[in-house]
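J.: Here is my input, please return the structure:
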Amino acid sequence: MSPESISNPRNARVQRALRLRTRRGRNQQGRTILDGQREIVRALEGGVRIEEVFCCDRADGTASSAGHLLSLDRVLDRLRQQGATLFSVPPAILDRLAFGERNEGLVAVATIPASTLDRLPMGKQPLWIVLDGVEKPGNLGAVLRSADGAGAQGVIVCGEGTDVYNPNVIRASLGTVFAVPTAVTDAVTCRKWLQQQAARIVVGRAEAVTNYSDCDFRVATAIVLGSEAHGASDVWRGTD
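T.: Residues are numbered from 1 along each chain as shown. A predicted model of the protein is given here:
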């Protein structure tokens, strides 16, 4: 089935999607924008519900899936099978929807996944990464990539200032925000939850004398990283 065509930039679907470029719009709709084939494929593999996809004739190239390259046609087929509605739009509309300079001719609108602590897997010797007040999308994206590479069971984000599903975070994480289970809460609740899990809490501090490589990670562990400007909050005092 061919995608439905939209040529009017004032189309209601287009306008609703454009509002997702702001945090207020994302919060109101419970949705976000995914820009790029790689990010869209990782969202699919992470079980994220993709509602709409806007594409144009300029779209080409491939995306990686579990180490295998997928053609654009295969990506679109998977989106259709998952239940997404496809729309064909002219380049001018896609340029407005795309987030950032890299426009691959494919933009998706997805439901923001649940981000509660109870969705985090436990594992035998779980490792959690806690971000306390980290707000910059690039830094959050870098931590998510590192957590994915290290095999962490999850990332816990503390602080209302952090917008986990900001399209810039999705881009900076290379889509790994959908591969690593992520929870959002406040620092007090997070610490209590970690104590209930009998987790050892290790806080990264500029003045620390112990190297992270000297820590014993053979037990349940949470590594706490503070904000760029102020470090970890006082909630974490009294921990390692």
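
J.: who touches whichever helix in the chain runs longest?
T.: Scanning the chain for the longest helix, with DSSP state H as the assignment, gives helix 137-150. Helix 137-150 has contacts (Cβ atoms under 8 Å, 6 or more residues apart in numbering) with 127, 129, 131, 134, 154-155, 157, 162-164, 166, 168-174, 176-177, 179-180, 182, 225, 228. For every residue, glycine as well, the C-beta is placed using N, CA and C.

J.: from those, which ones fall inside strands?
T.: The strands, defined by DSSP state E, take in 127, 129, 131, 154-155, 157, 182, 225 from the contacts of helix 137-150.

J.: Closest to Ala208 out of the residues you listed?
T.: Leu225 (11.9 Å; Cβ to Cβ).

J.: Check the gap between the closest one and Ser2 for me.
T.: Distance, Leu225 to Ser2, using Cβ to Cβ, to the nearest Å: 47 Å.

J.: Looking at these two, which is more packed in?
T.: Leu225 (20 against 6; other Cβ atoms under 10 Å).

J.: Confirm for me that the more buried one is in contact with Gly133.
T.: No. The criterion here is Cβ atoms under 8 Å, and Leu225 misses it with Gly133 at 9.3 Å.

J.: between these two, what contacts are shared?
T.: Ala232.

J.: Widest-spaced pair of the ones in strands among the contacts of helix 137-150?
T.: Within the ones in strands among the contacts of helix 137-150, two members stand farthest from each other by Cβ to Cβ: Leu127 and Val157, at 15.8 Å.

J.: For the two, work out which one has more neighbours and name it.
T.: Taking neighbours as other Cβ under 10 Å, Leu127 and Val157 compare with Val157 leading, 26 against 18.

J.: Which pLDDT value goes with the more buried one?
T.: Val157 carries a pLDDT value of 94.

J.: So what pairs up with it in the strands?
T.: On the basis of DSSP bridges, Val157 is bridged to Leu131, Val184.

J.: Please tell me how far Leu174 sits from Tyr212.
T.: Taking Cβ to Cβ, one finds Leu174 at 23 Å from Tyr212.

J.: which of the two has more neighbours?
T.: Taking neighbours as other Cβ under 10 Å, Leu174 and Tyr212 compare with Leu174 leading, 18 against 10.

J.: Pull up the gap between the more buried one and Arg42, please.
T.: Taken as Cβ to Cβ, the span from Leu174 to Arg42 is 8 Å.

J.: what's Arg42 in contact with, if anything?
T.: Taking Cβ under 8 Å, 6+ apart, we find Arg42 in contact with 174-176, 178-179.
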